[in-house]
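A.B. asks: have a look at this fold, sequence not included:
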């Protein structure tokens, strides 16, 4: 196995292992928030906007963050260890996946040499609210923006399961993590209008 493949495997092990992954994420981000665009917009709203915007502020909860490394790393929300400390180990369920991105499928190389993608969903409570989402691999940077919206809106594991997977993509792994869609009584949506069990999509509020 090449040195590069070995190094990537080491990072993957870090991300899939509880304590090691949490430590590496904390060291990389060091609790700093890079939110200049969002903060600048809210400041402009307060200073130059109408009275309705006088209290506009940025929410610093669940800030999607990406390291533009090779491969890129994306994270939002709590690490597994942080979730355990906040909610207790009995209230946490973690879903993990590791695979070779389908982009590399046609490559005529040994499977161990193909770049891997690793994903982790950290869920809390009986409703399995997604409180942390972490990914390393090709396209991780692009995935985080969309999944960031889902976490900001209070998505649960059931909400992820209810989303139709786009194949072939790496992101589909987040909405097909086993076990999925088992029709459990505990399946709860975080959405105002539940998308579960074939429910209709929400309708807009019309002004006229």
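C.D. replies: Perfect, thanks for sending it. This one's a predicted model, so the numbers in the text were calculated from it and none came from an experiment.

A.B. asks: what residue ranges in this structure score low on pLDDT?
C.D. replies: Where the chain drops to pLDDT under 70, the residues are 1-35, 181-186.

A.B. asks: strands along that one, start to end?
C.D. replies: With DSSP state E, the ranges of strands along the chain come out as 65-67, 73-77, 92-100, 116-124, 129-136.

A.B. asks: show me what the last one is packed up against.
C.D. replies: With contacts taken as 3 or more CB pairs under 8 Å, 6 or more residues apart in numbering; DSSP states H and E, strand 129-136 sits against helix 3-16, strand 73-77, helix 80-87, strand 116-124, helix 140-152, helix 157-162. For the C-beta atoms, the positions are set from N, CA and C on the backbone; glycine is no exception.

A.B. asks: want to try CSV for the ones you listed, with mean neighbour count and distance to residue 36 as columns?
C.D. replies: Output for the helices and strands packed on strand 129-136, formatted as CSV (neighbours: other CB atoms under 10 Å; distance: least, CB to CB, whole Å):
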stretch, mean neighbour count, distance to residue 36
helix 3-16, 15, 27
strand 73-77, 24, 18
helix 80-87, 18, 25
strand 116-124, 23, 27
helix 140-152, 18, 16
helix 157-162, 23, 30
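
A.B. asks: now tabulate the ones you listed in CSV and tack on distance to residue 66.
C.D. replies: Below are those laid out as CSV (distance: least, CB to CB, whole Å):
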stretch, distance to residue 66
helix 3-16, 14
strand 73-77, 5
helix 80-87, 19
strand 116-124, 14
helix 140-152, 5
helix 157-162, 20
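
A.B. asks: kindly reformat the strands of the chain as TSV containing distance to residue 207.
C.D. replies: Formatted as TSV, these follow (distance: least, CB to CB, whole Å):
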stretch	distance to residue 207
strand 65-67	36
strand 73-77	33
strand 92-100	41
strand 116-124	37
strand 129-136	33
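
A.B. asks: got a list of what the closest residue to residue 147 other than its chain neighbours touches?
C.D. replies: Nearest in space to residue 147, with sequence neighbours left out and distances taken as CB to CB, 6 or more residues apart in numbering, is residue 133 at 5.5 Å. With contacts defined as CB atoms under 8 Å, 6 or more residues apart in numbering, the neighbours of residue 133 are 74-77, 119-122, 144, 147, 151, 174.
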